[in-house]
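1. give me a 3D structure for the following:
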Amino acid sequence: MSNKREKIVASAIFFLALTLLGVLKNNSVQADSVNLTSKNLAVRAATVNRNKVIVVPKKEEVKPPAKATVKKPTLSRGANGRTDVVTYAYKFMGKPYVWGAAGPSAFDCSGFTLYVYRAFGVNLGHYTGTQFATGQAVSKDNLLPGDLVFFNTDSSISHVGIYVGGGQFIHASSGSGQVIVSSLSGSYYASRYAGARRVLQ
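-> Numbering: from 1, shown residues only. Just a heads-up that it's a prediction; the model follows:
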């Protein structure tokens, strides 16, 4: 009797070993299982399936960067407003002179004054003659920062700049090829001075 049990146990171990080898080798194999509780050897077919589950980590949601906001300059009326205009005009120092350009990367003389004042809600035409007809006339002795100063360079009223105080003005100069600060008392501009207009009260 013990011999018979030993054979049954040995057979079970053998089939179990075969089953394990088959599972490791294939995704689906046929194996035999043994019922050890019965005196007779009972064999039944069983299907062993091995399922593979791959867990993919969730991709983090990347939010696009917020758009940069450009702060628009504000204009204070009176003396502070004139200072604001001058401060803003200085931001374009060194930008190239290009005939017909009105910023922000290049300017001609009237394009420069047009661009600076437009930022403060003051509309000037893109022509020195039109700008000379804007606002009120101011004598040279009464100039204030922010006043427009005009010159007869090539012809009548052919150049314009913004007075910054201390006898100087900022302008897009064709001679220098960029936005610069010049002196009203310099021989070239002193002899060609044509007048000034105040567009800010």
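2. does Gly129 touch His159 like I think?
-> No - counting by Cβ atoms under 8 Å, Gly129 sits too far from His159 to count as a contact (11.3 Å). Where C-beta positions appear, they are placed from N, C-alpha and C, glycine not excepted.
3. okay, these two: which has more neighbours?
-> Higher neighbour count among Gly129 and His159: His159, with 23 against 14, using other Cβ atoms under 10 Å.
4. which SS class is Tyr117?
-> For Tyr117, the assignment made with DSSP: H, G, I helix; E, B strand; the rest coil gives helix.
5. nearest residue to it in space, please, no chain neighbours.
-> Spatial nearest neighbour of Tyr117, excluding adjacent residues (Cβ to Cβ, 6 or more residues apart in numbering): Leu124 at 5.3 Å.
6. what does Gly146 give?
-> Spatial nearest neighbour of Gly146, excluding adjacent residues (Cβ to Cβ, 6+ apart): Arg82 at 3.3 Å.
7. mind listing the helices for the chain?
-> All helices of the chain, identified by DSSP state H, fall at 2-25, 79-90, 109-118, 128-132, 187-190.
8. those: lowest mean pLDDT?
-> Per-segment mean pLDDT for those reaches its minimum on helix 2-25, at a mean of 60.
9. report the buried residues of stretch 128-142.
-> For stretch 128-142, a neighbour-count test (16 or more other Cβ atoms under 10 Å) marks Thr128, Gln131, Phe132, Thr134, Gly135, Val138 as buried.
10. pull up the distance across it, start to finish.
-> Stretch 128-142 has an end-to-end distance of 21 Å (criterion: Cα to Cα, to the nearest Å).
11. can you list contacts of that stretch?
-> Under the criterion Cβ atoms under 8 Å, 6 or more residues apart in numbering, residues 109-110, 113-114, 124-125, 144, 147-148, 150, 157-160, 184, 193-200 lie in contact with stretch 128-142.
12. ok, which stretches of the chain are strands?
-> 28-34, 43-49, 136-138, 148-151, 159-165, 168-173, 178-183, 193-198 (DSSP state E).
13. least reliable of the ones you listed by average pLDDT, please.
-> In terms of mean pLDDT, the lowest-scoring of the strands of the chain is strand 28-34 (a mean of 41).
14. what is the burial count for Ile157?
-> Counted with other Cβ under 10 Å, residues neighbouring Ile157 total 18.
15. surely it is in contact with Val149?
-> No - at 11.2 Å, Ile157 does not count as touching Val149 under the criterion of Cβ under 8 Å.
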